[in-house]
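>>> Return a 3D structure for these sequence lines:
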Amino acid sequence: MTTATSIQQRFSQLQQQGRCALMPFLMAGDADLATTRATLLALEAAGADMIELGIPYSDPLADGPVIQAAASRALGSGTTPGSVLAMLTSLRGELTIPVILFTYSNPLLNRGMEDFCREAAAAGAAGLVVPDLPLEEAEKLTGIAASHGLDLVLLVAPTTPSNRMERIAAASRGFTYLVSVTGVTGVRTSLEGRVAVLVQQLKGMGSTPVAVGFGISGPEQARQVRDWGADGAIVGSALVKVMAEAHAQQADVAAAAGAFCRQLRSALDD
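Now for the predicted structure:
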């Protein structure tokens, strides 16, 4: 019997408790890696179940303006994939929740799939999200990632045809990432009602949990995603914006992130 990964274990625990996973996203190196390190710990303390950690990239196709700006700040401070993994390594024994790395295919292929997965696993990562990797390439990477104990999480969009959705759901590991909007990441005032149908459609395709991201702007939308039956709510741009505002005001960025995360946690548990 295959041992469950840390992502699978966490979702299993939450499902037994009847709870929805809170999965914040932040950009590594925004404004610097010391801030990222402190924020990761603050998010866990504030009730995050898993964290999606972005590796900054110069051409982030799936990212909206808030996360693009965060990536630019991170690159400007000298953040590299290697330095992100070194920072994550330094948290081993302190950070206990799964960390899922969000990266694009170019840095991944540049480093080599095998090498990247080995280094990510050694640093303590639990999974990978590669939004611009075609399904056909992802199916190859899934096996490489799994051999290092990593879950390769695949994305489904509102425009994905149902037959392709089935292939993605079958190939995705840990959970399936349902993009709630057509377009890039960013805070939205409302979520598309069709997402509720897509959540149920995906859940009918197998036992892999479904997490919804792209466009969740605050506690009310996180609760809405939970009520639609999603197993997880991914909050990115809204959190990155809170952190950027705290930094601009010379406030404690990690504390601001933690306070926002607690609001989300409260909404999901309400």
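>>> in the sheet, who's paired with the closest residue to residue 125 other than its chain neighbours?
In space, and not counting its chain neighbours, residue 125 is closest to residue 101: 5.0 Å by CB to CB, 6 or more residues apart in numbering. Bear in mind the C-beta positions are built from the backbone N, C-alpha and C, glycine included. Taking DSSP bridges as the rule, residue 101 bridges to residue 53, residue 128.
>>> Please enumerate the strands of the stretch 51-200 of the chain.
Applying DSSP state E, counting those that start in this stretch to the stretch 51-200 of the chain gives strands spanning 51-54, 99-102, 127-129, 151-153, 155-156, 176-179.
>>> Could you say which of those is packed most deeply?
strand 127-129 (a mean of 27; mean count of other CB atoms under 10 Å).
>>> which residues sit against that one?
Identification of contacts with strand 127-129 by CB atoms under 8 Å, 6 or more residues apart in numbering yields 5, 7, 52, 98-103, 117, 120, 141, 145, 150-153, 155, 173-174, 177.
>>> average pLDDT for it?
Average pLDDT, strand 127-129: 97.
>>> Report the distance from that strand to the chain centre.
8 Å (CA atoms, centre = their mean, to the nearest Å).
>>> excluding its backbone neighbours, what's nearest residue 78?
residue 29 (7.8 Å).
>>> can you tell me how far the one you found sits from residue 92?
Using CB to CB, to the nearest Å, residue 29 is found at 19 Å from residue 92.
>>> Looking at those two now, which is surrounded by more residues?
residue 29 (26 against 11; other CB atoms under 10 Å).
>>> Assign a three-state SS to the more buried one, would you?
When classified by DSSP: H, G, I helix; E, B strand; the rest coil, residue 29 comes out as coil.
>>> Looking at per-residue confidence, what score does it get?
97.
>>> correct me, but residue 235 touches residue 21?
No. With contact defined as CB atoms under 8 Å, residue 235 does not count as touching residue 21 (11.1 Å).
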